[in-house]
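# One predicted model, sequence on top.
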Amino acid sequence: MITIRQMEIFTEVVRYGSLRRTAEVLGISQVAVSEHVRALEKSLGTALFTRRAGAAVMLTDAGEEANRRIAGILAGVRGLADGLTGRQSMTLAVPPFVLFRLEKRLEGFQAARPEVEVHIDTADRTLEEVRGAVDAGDLDAGYAFCASGVTGAVGERVGREPLAIVVGPTHPLAGRSRVTVRELRQFPAIHLTRGRSLRTLVDGALASVGLGDTDVEIESDEFGLLLATVHRGRGFICMFAPQQDVSGTEGIRHPADPMTYGLARLALEVPLPSLDVRRLYAPAGRRHPSLRGLLDVLDAPDLPGAAGPPAVSA
């Protein structure tokens, strides 16, 4: 029997071209992804993908036809749910770092428009992956980070997030008025797990100032563990620039910034590039009254990169 879940996972594999990447985005095992795809192929009586070790999965001719038909089926299911309940629903892709800035506004929109159900998808996606999901109709709109100033970047730029090098209060470079790249390279980096979209962007920013391929102290998706390692003086981290004490205190001391309280932002001799926050939506989507109203609520000069709560470590 063909299930909705099988079709949903199939469309995700088509989008990402990889069973592994699909598993990462959906937060399930690669084995589970493979089992759903094989069950769908068994029910249809044909192979939907060609699989070669080390290469992206490719649709067969039957897979191309299935992809077209399944897209229509899933769109119909979503429309059926909205039609029967009388509710309107929208799905937005929002990285956790951006969601932190938007959370209060989203809550305000939901309170004012209870008939509109807003689903927030925080799966790790690149800008191109967000575009693919919007084009496929899986997302009504989506936010993603990209390198600042990229020519031809898709979507509209709605914010800019500066990056900073941060160390613990007992680190040998803490409190220095100026730090050279050569000095910083003597210490290991503390990173998100390799393969995360934000890690890739941070790696590019570091490489642009001569800090590529440094030794690594730890890689993890546990932000608390990363920051604890920084606090212990075990290395440096490249992260979104934290809020500093408005009184001008050196380093990062402001209790309103609990994640980075007590850490020190280094004055690197070469400024790090910022990351852009870009937003995409289908051309017709901006004309949809509910989506237009939501985006109007979310549009503001403090998203992100202006005064406001700090984003989580990158």
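That came through fine.

# Let me see the ranges of the helices in the stretch 201-314 of the chain.
With DSSP state H, counting those that start in this stretch, the ranges of helices along the stretch 201-314 of the chain come out as 223-231, 289-298.

# how far out from the middle of the chain is stretch 70-78?
Distance, stretch centre to chain centre, for stretch 70-78: 25 Å (C-alpha atoms, centre = their mean, to the nearest Å).

# what do you get for stretch 148-165?
The answer for stretch 148-165 is 13 Å, by C-alpha atoms, centre = their mean.

# can you list the residues that contact that stretch?
Contacting residues not belonging to stretch 148-165 are listed as 97-98, 127-128, 130-131, 143-146, 179, 184, 202, 205, 236-242, 265-266, 268, 272-280, 299, 303-305, 311, 314 [C-beta atoms under 8 Å, 6 or more residues apart in numbering]. C-beta here means a position set from N, CA and C on the backbone, and glycine is covered the same way.

# Can you tell me which of the residues you listed are buried?
Buried by 16 or more other C-beta atoms under 10 Å: 97-98, 127, 130-131, 143-146, 179, 184, 202, 205, 236-242, 265-266, 268, 272-280, 303-305, 311, 314, out of the contacts of stretch 148-165.

# Okay, now the unreliable bits of the stretch 151-300 of the chain?
Residue ranges of the stretch 151-300 of the chain with pLDDT under 70: 242-259, 283-287, 300.

# Would you mind measuring from the residue nearest to Arg234 when sequence neighbours are not counted to Ala189?
In space, and not counting its chain neighbours, Arg234 is closest to Glu217: 5.1 Å by C-beta to C-beta, 6 or more residues apart in numbering. For Glu217, the distance to Ala189 equals 7 Å [C-beta to C-beta, to the nearest Å].

# shared neighbours of these two, anything?
Taking C-beta under 8 Å, 6+ apart as the criterion, Glu217 and Ala189 both touch Gly235.

# wait, doesn't Thr214 sit right on Gln186?
No - in this structure Thr214 lies outside contact range of Gln186 using C-beta atoms under 8 Å: 9.2 Å.

# the more surrounded of those two?
Using other C-beta atoms under 10 Å as the criterion, Thr214 and Gln186 rank with Thr214 on top: 19 against 10.

# residue contacts, that one?
Neighbouring residues of Thr214 by C-beta under 8 Å, 6+ apart: Arg185, Phe187, Pro188, Ala189, Leu206.

# likewise Pro273?
Residues in contact with Pro273 (C-beta under 8 Å, 6+ apart) are Ala147, Ser148, Gly149, Leu163, Ala205, Ser208.

# quick one, phi psi at it?
The phi/psi pair for Pro273 (degrees, to the nearest 10) reads phi -70, psi 150.

# likewise Ala71?
phi -60, psi -40.

# more crowded one of Glu217 and Ala189?
Neighbours per residue (other C-beta under 10 Å) separate Glu217 from Ala189, with Ala189 holding more: 23 against 18.

# Could you give the bridge partners of Leu163?
Note on Leu163: beta-bridge partners by DSSP bridges are Phe240.

# separation between it and Leu268?
For Leu163 relative to Leu268 (C-beta to C-beta), the value is 10 Å.

# surely Ala174 meets Val167?
Yes - Ala174 is within contact range of Val167, at 5.4 Å (criterion: C-beta under 8 Å).

# and for these two, which residues touch both?
Joint contacts of Ala174 and Val167 (C-beta under 8 Å, 6+ apart) are Ala264, Leu266.

# Have a look at the two and say which one is more surrounded.
Remark: of Ala174 and Val167, Val167 carries more neighbours, 27 against 18, as counted by other C-beta under 10 Å.

# That one touches Val179, doesn't it?
No - using C-beta under 8 Å, Val167 is not in contact with Val179; the gap is 9.2 Å.

# what is in contact with these two at once?
Counting by C-beta under 8 Å, 6+ apart, the contacts common to Val167 and Val179 are Leu173, Leu266.

# tell me the SS of the closest residue to Val25 other than its chain neighbours?
Nearest residue to Val25, sequence neighbours excluded (C-beta to C-beta, 6+ apart): Ala123, at 4.6 Å. Here Ala123 is coil, with the state taken from DSSP: H, G, I helix; E, B strand; the rest coil.

# Contact partners for Ala123?
Neighbour list for Ala123: Val25, Leu26, Gly27, Ala93 [criterion: C-beta under 8 Å, 6+ apart].
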